[in-house]
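Enquirer: Generate a structure from the sequence data that follows.
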Amino acid sequence: MKSHVGVLVISTMLTAMAVGCSPSGTGPRVPPGGPNIGAPRIPWHDKSREEKQAFMGAHVEPTMRKLFQRYSPKGYADFGCTTCHGSDMDLVDFKMPNGIYPLPEKDTIAEATSYDEATTKFMVEQVVPTFAGLLSEHAGKPGESGVTCFTCHPHE
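Expert: Below you'll find the model as predicted:
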């Protein structure tokens with residue numbers, strides 16, 4: 001019995017890695033018997049844990065990796081799960097926000113812009129809307145509902 005569970009776990013992990021690493025241009029594919037990723041337009045909050053993890057590997061991580069690497073190839077050369085989820089992602093069960101630079105709660109965009117205008121513009125104009133679209137949510141501003149800076153970043 002234990003060997004069947006081990007085979008299933010290894011099979012699921014290999015499938016998730018294959019899904020997340022599909023060749024560029026071909027789009028994510030789930031092999032027969034692979035993890036259930038849920039329909040792409042099922043809102044994030046309606047997905048099961050298995051669907052969320054597989055969906056992250058198949059859609060979110062590859063899309064966001066390309067977006068961040070296009071913005072800063074050297075800065076995000078090693079973009080992966082830990083970039084957003086932190087090095088202790090397993091210990092905190094992938095909870096967000098976790099380990100990313102905290103942002104001020106008051107006047108978030110203005111404060112971030114005064115610190116780094118280019119990165120703030122990239123985050124507001126590209127990262128938040130892209131991530132919101134992947135999660136079938138709407139993009140918002142800090143203090144609003146939907147995907148905001150505080151979806152990933154903790155606040156001070």
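
Enquirer: So F150 sits against P142, correct?
Expert: Yes. At 5.8 Å, F150 counts as touching P142 under the criterion of C-beta atoms under 8 Å. C-beta here means a position set from N, CA and C on the backbone, and glycine is covered the same way.

Enquirer: who touches both of the two?
Expert: 103, 108 (C-beta atoms under 8 Å, 6 or more residues apart in numbering).

Enquirer: moving C-terminal of the helix-or-strand element of the chain with minimal mean pLDDT, what's the next helix or strand?
Expert: Using mean pLDDT, DSSP states H and E, helix 2-20 stands out as the lowest-scoring helix or strand of the chain, at a mean of 41. Downstream of helix 2-20, the first helix or strand assigned by DSSP states H and E is helix 49-55.

Enquirer: Kindly export that following helix (C-alpha atoms) in CSV.
Expert: Below are the C-alpha coordinates for helix 49-55, written out as CSV (Å, rounded to 0.1, in the frame of the first residue of the first chain):
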residue,chain,number,x,y,z
ARG,A,49,-6.2,22.5,-3.0
GLU,A,50,-5.1,20.0,-5.7
GLU,A,51,-6.5,22.3,-8.5
LYS,A,52,-4.7,25.3,-7.0
GLN,A,53,-1.4,23.6,-6.9
ALA,A,54,-1.6,22.2,-10.4
PHE,A,55,-3.0,25.5,-11.8
